[in-house]
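>>> requesting a structural model of the entry that follows:
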Amino acid sequence: MSSRRIIVVGGGAAGVFAAIACAEAMPEAEVTVLEKGPEFLTKVRISGGGRCNVTHACFGPRELAARYPRGGRALIGPFKRFQPRDTVAWFEARGVKLKTERDGRMFPVTDDSQTVVDCLVRAAKAAGVKLRARCGVEKISIVGETVAAVCDRRNRAAERVSVPQSIGSLTASATAGAHRAQDRFELTLSNGERLVCDRLLLATGGCRTAAAGELAVSPGHTLEPPVPSLFTFHIETAWLRELAGISVEPVEASVPGTKLRERGALLATHWGLSGPAILRLSAWGARELHGLDYKFPLRVNWLPQLSAEAVVAKLRSRRDPQPARFVANTPIAPLPARLWERLVIAAGIGRETRWAALTRAAQHRLVQQLIRTEFPVTGKSMNKDEFVTCGGVRLGGVDFKTMESRLCPGLYFAGELLDVDGITGGFNFQAAWTTGWIAGRAMAGVAWASSP
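Next up is the predicted model:
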């Protein structure tokens, strides 16, 4: 169909990438991206502190899928088609070389997210994609669809993916024999303009509220309730806040009474704790911590590589050769001196206490403080660079071979609108690239077996 019109709603990573993939695979198609904001790729621009964590150096599909608290199993197949290695090749083929940091995160060698934004915009324009900013979509209708067809589709949705009925008193029997005339979509924009297309991709980003996913609901889908993921912890403990800016790696953070436990770097902030260990903990515990209203105890093991007995031996190695030194002045690596001093004081040991005067009881308190400091968490703050939500379009209603709706032919999904989210480190962008690439190629009619 040479006159095929394809519209992508959402000008973020997944939407723009899908549009490029579609237009490059089917040059004769008319591909348009609608973005409700004034700029495209805003999250790409601010991510990674302005450097853009494009992806992660994790190249096994199953290993990669294990980094997604939600949606990992569904992504195994897609990752066999388009994974970080393909992402690296895609950007390098377009002049953007990526580098790998010690923790596996991958950034452009320029350390500037604008490099990635410019590459995507340039590729979109070269492929003939129309980019329209300030074009919010208010409503989606299926051209020629009758009340009976709507009811039938909603009934199938309820049977397949437990979608609740939301048609009210309408029933299929009310207009028996009616049918949808054709599989085309009509979009009503916020300015009153109406557009018709043959294929429609929704890539509107994470559902921060249920209303944000309303466009997906109208064609028959439903949402897993959205809750925040990748957030930092508010902790009122005064001595911790005085350490703002200090980073420790590795630590083990856990939530007593749950199975939540993560290792990694920890960052003290003016409001509490952040860093990869905390962000990963918040991702895996997104719903559980939401259920606790973000008020829970957090336990930190500052020396997870050491057993309690090994910590005692470390203390002895400080005490025996220099008994006259102050305990607070002789930290155990890799703990920063300021943090060590605060932990010593929190254990009830005075600044003027010398190793020779350290009692067995005081030593026990210090060991416990080092391996199980407990902080009361009183709230959360979203990680501004990687705002991610847990929740979105239920995966049972989407065919991950094509990213097409199982309920509404011609409708596709990509990116964070789906109930898919990864831990910090470039995994959410990789899901966007992968689902966008597959959706774009599928809208262009490229078969599942095709290689990148």
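
>>> drop to CA atoms for contacts and neighbour counts, all remaining ones
Noted.

>>> for the stretch 101-250 of the chain, which segments are assigned as helices?
Using DSSP state H, counting those that start in this stretch, the helices of the stretch 101-250 of the chain run over 113-126, 147-161, 214-217, 238-241.

>>> of the ones you listed, which shows the lowest average pLDDT?
With a mean of 49, helix 147-161 has the lowest mean pLDDT of the helices of the stretch 101-250 of the chain.

>>> convert the lengthiest strand in the chain to CSV, retaining C-alpha atoms only.
Longest strand of the chain, by residue count under DSSP state E: strand 373-382. Provided in CSV are the C-alpha atoms of strand 373-382 (Å, rounded to 0.1, in the frame of the first residue of the first chain):
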residue,chain,number,x,y,z
THR,A,373,22.8,0.8,60.1
GLU,A,374,19.1,1.4,60.1
PHE,A,375,17.4,4.6,58.8
PRO,A,376,13.7,5.5,58.9
VAL,A,377,12.6,6.4,55.4
THR,A,378,9.9,9.1,55.4
GLY,A,379,9.2,9.6,51.7
LYS,A,380,10.6,9.8,48.2
SER,A,381,11.8,12.1,45.5
MET,A,382,11.7,11.1,41.8
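
>>> give me the contacts around that strand.
The contact list for strand 373-382 (Cα atoms under 8 Å, 6 or more residues apart in numbering) reads 228-237, 293-301.

>>> just the buried residues from these, in PyMOL please.
Remark: buried members of the contacts of strand 373-382, expressed as a PyMOL selection using 16 or more other Cα atoms under 10 Å:
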select buried, resi 228+229+230+231+232+233+234+235+236+294+295+296+297+298+299+300+301
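
>>> what residues does the closest residue to G136 other than its chain neighbours make contact with?
Nearest residue to G136, sequence neighbours excluded (Cα to Cα, 6 or more residues apart in numbering): K36, at 3.9 Å. Contact partners of K36, counting by Cα under 8 Å, 6+ apart, are 10, 133-137.

>>> for the residues you listed, could you give me a markdown table that also reports neighbour count and distance to R62?
Below are these laid out as a markdown table (neighbours: other Cα atoms under 10 Å; distance: Cα to Cα, whole Å):
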| residue | neighbour count | distance to R62 |
| --- | --- | --- |
| G10 | 28 | 29 |
| A133 | 16 | 37 |
| R134 | 15 | 39 |
| C135 | 20 | 38 |
| G136 | 19 | 37 |
| V137 | 21 | 36 |
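
>>> looking at those, which one is closest to F91?
Nearest to F91 out of the contacts of K36 is G10 (Cα to Cα; 20.9 Å).

>>> which ones are touching the spatially closest residue to that closest one that is not a sequence neighbour?
Spatial nearest neighbour of G10, chain neighbours left out: T204 (4.4 Å); criterion: Cα to Cα, 6+ apart. Counting by Cα under 8 Å, 6+ apart, T204 makes contact with 9-12, 15, 213, 415-417.

>>> how close does T204 sit to G396?
Computed with Cα to Cα, to the nearest Å, the distance linking T204 and G396 is 19 Å.

>>> and L243, by the same measure?
Here L243 is placed at a distance of 46 Å from G396 (Cα to Cα).

>>> with C119 instead?
As judged by Cα to Cα, C119 and G396 stand 34 Å apart.

>>> who's in contact with I6?
With contact taken as Cα under 8 Å, 6+ apart, I6 is in contact with 29-32, 197-201, 443.

>>> can you tell me which two in those residues are farthest apart?
Within the contacts of I6, A29 and L201 form the most distant pair, 14.2 Å apart (Cα to Cα).

>>> more neighbours, the two?
Neighbours were counted for A29 and for L201 using other Cα atoms under 10 Å; L201 has more, 27 against 20.

>>> which residues are in contact with that one?
Contact analysis of L201 by Cα under 8 Å, 6+ apart lists 6-9, 15, 411-414, 439.

>>> quick check: beta-bridge partners of it?
Beta-bridge pairing for L201 (DSSP bridges): V8, Y412.

>>> same check on V300?
As for beta bridges, V300 partners with A253, T373 under DSSP bridges.

>>> roughly how far does it sit from I371?
V300 is 7 Å from I371, by Cα to Cα.

>>> check G350 too.
Applying Cα to Cα, the value for G350 to I371 is 19 Å.

>>> the two: who's more crowded?
Comparing G350 with I371 by neighbour count (other Cα under 10 Å), the higher total belongs to I371, at 20 against 15.

>>> tell me which residues in the strand or helix carrying that one are buried?
For I371, the element it lies in under DSSP states H and E is helix 360-372. With burial defined by 16+ other Cα under 10 Å, the residues of helix 360-372 counted as buried are 363, 365-372.

>>> mind putting these in JSON lines, distance to F59 and pLDDT included?
Output for those, formatted as JSON lines (distance: Cα to Cα, whole Å; pLDDT from 0 to 100):
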{"residue": "Q363", "distance to F59": "46", "pLDDT": "97"}
{"residue": "R365", "distance to F59": "44", "pLDDT": "98"}
{"residue": "L366", "distance to F59": "42", "pLDDT": "98"}
{"residue": "V367", "distance to F59": "40", "pLDDT": "98"}
{"residue": "Q368", "distance to F59": "39", "pLDDT": "97"}
{"residue": "Q369", "distance to F59": "39", "pLDDT": "98"}
{"residue": "L370", "distance to F59": "36", "pLDDT": "98"}
{"residue": "I371", "distance to F59": "34", "pLDDT": "97"}
{"residue": "R372", "distance to F59": "35", "pLDDT": "97"}
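
>>> columns distance to P61 on top of these, output as JSON lines?
As requested, the buried residues of helix 360-372 are exported to JSON lines (distance: Cα to Cα, whole Å):
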{"residue": "Q363", "distance to P61": "47"}
{"residue": "R365", "distance to P61": "45"}
{"residue": "L366", "distance to P61": "43"}
{"residue": "V367", "distance to P61": "41"}
{"residue": "Q368", "distance to P61": "40"}
{"residue": "Q369", "distance to P61": "40"}
{"residue": "L370", "distance to P61": "37"}
{"residue": "I371", "distance to P61": "35"}
{"residue": "R372", "distance to P61": "35"}
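
>>> ok, M26 - contacts?
By Cα under 8 Å, 6+ apart, the contact list for M26 reads A444.

>>> in the stretch 351-452 of the chain, where is pLDDT below threshold?
Applying pLDDT under 70 to the stretch 351-452 of the chain flags the ranges 383-387, 447-452.

>>> the strands in it, which residues?
373-382, 388-393, 398-399, 404-405, 411-413 (DSSP state E, counting those that start in this stretch).

>>> for those, which one sits closest to G192?
In terms of Cα to Cα, the element of the strands of the stretch 351-452 of the chain nearest to G192 is strand 411-413, at 22.0 Å.

>>> please identify the buried residues of the longest strand of the chain?
The neighbour-count check on strand 373-382 (16+ other Cα under 10 Å) flags 373-375, 377, 379-380, 382 as buried.
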